[in-house]
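Undergrad: attaching a predicted model along with its sequence, questions to come.
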Amino acid sequence: METKNLDNRNYMPRIGDIAPSFSALTTQGEINFPEDYKGKWKILFSHPADFTPVCTSEFMTFASMAEEFEALNTQLVGLSVDGIHSHIAWLRTIKEKIDWKGMKGMEVKFPLIVDISMKVASLYGMIQPGESETSAVRAVFFIDPQDKIRTIMYYPLALGRNFDEIKRVIIALQTADNFSVALPADWRPGEEVIVPPAGSCGVAKERMDGEDNTLHCYDWFFCTKKISKEEVESKLGK
Ligand code: BEZ
């Protein structure tokens, strides 16, 4: 278990950092994170507490999308500062009793970390005392197959996350890597992608002069090209 910074409440991993390592007990047994998920994308997310309504709605939504994340070669790992018995009882209640928005019998098969000591939550900057001293905020860390943190989201206790956006981010990150492009506002697969400027005025002028007819340039610094939804989908999860 990595120990550095555990006592520093101000410590927060940043985009571009290698995901801090830890070992932890989960509802699926012991895990070593991120080492156990070599070659995969990982979504490490926290929630404030078991047996709370917003968290329940989030877990049911994630469980209902589990196959979609699997197809994207993405491992989900949850965390709260509750114990193993609470986690197991809560997930059993979700499966056996909760029928919400057409979701029922939802089985959470991804690991849910036990973090009563708050060691992992502190390591990932999930305890944000202005919001709560005693529970994690709703954090989402998107970690690539090289274990680099690529996107971080934080939501407050009272606001459930947008799971379509979480899926869109994973698809967009994989698209950016596979095609060496950037993605414009609200991008969805099949829409035009941004071809970053090559960094020299000569190249920019060539782009504007239309010498590359696969490009559509709005100005010298803003050129796009089409990648079909099928092309994007053929690369996802790779
Ligand atoms: C909830 O998940 O419903 C929740 C948890 C902590 C504070 C507020 C709401």
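TA: Nice, thanks for sending it over.

Undergrad: please make it C-alpha for all contacts and neighbour counts, starting now.
TA: OK.

Undergrad: flag the shaky bits of this structure, pLDDT-wise.
TA: Of all residues in the chain, those with pLDDT under 70 make up the ranges 1-9, 198-211.

Undergrad: for it, what lies in contact range of the ligand?
TA: Residues of the chain lying close to the ligand (C-alpha under 6 Å from any ligand atom) are 48-49, 52-55, 157-158.

Undergrad: dump those into a markdown table; add neighbour count as well.
TA: Putting the residues of the chain next to the ligand into a markdown table (neighbours: other C-alpha atoms under 10 Å) gives the following:
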| residue | neighbour count |
| --- | --- |
| P48 | 24 |
| A49 | 22 |
| T52 | 11 |
| P53 | 12 |
| V54 | 17 |
| C55 | 21 |
| L157 | 18 |
| A158 | 12 |
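
Undergrad: just those residues: which are in helices?
TA: The members of the residues of the chain next to the ligand that map onto helices under DSSP state H are 53-55.

Undergrad: ok, of those residues, which one's closest to Y37?
TA: Nearest to Y37 out of those is C55 (C-alpha to C-alpha; 24.6 Å).

Undergrad: are we agreed that E70 is in a helix?
TA: Yes. The assignment for E70 by DSSP: H, G, I helix; E, B strand; the rest coil puts it in a helix.

Undergrad: and it, how far is that from the ligand?
TA: As judged by C-alpha to the nearest ligand atom, to the nearest Å, E70 and the ligand stand 25 Å apart.

Undergrad: go on, D177?
TA: Distance of D177 to the ligand, computed by C-alpha to the nearest ligand atom: 34 Å.

Undergrad: neighbours around that residue, how many?
TA: Using other C-alpha atoms under 10 Å, D177 has 11 neighbouring residues.

Undergrad: three-state assignment of it?
TA: helix.
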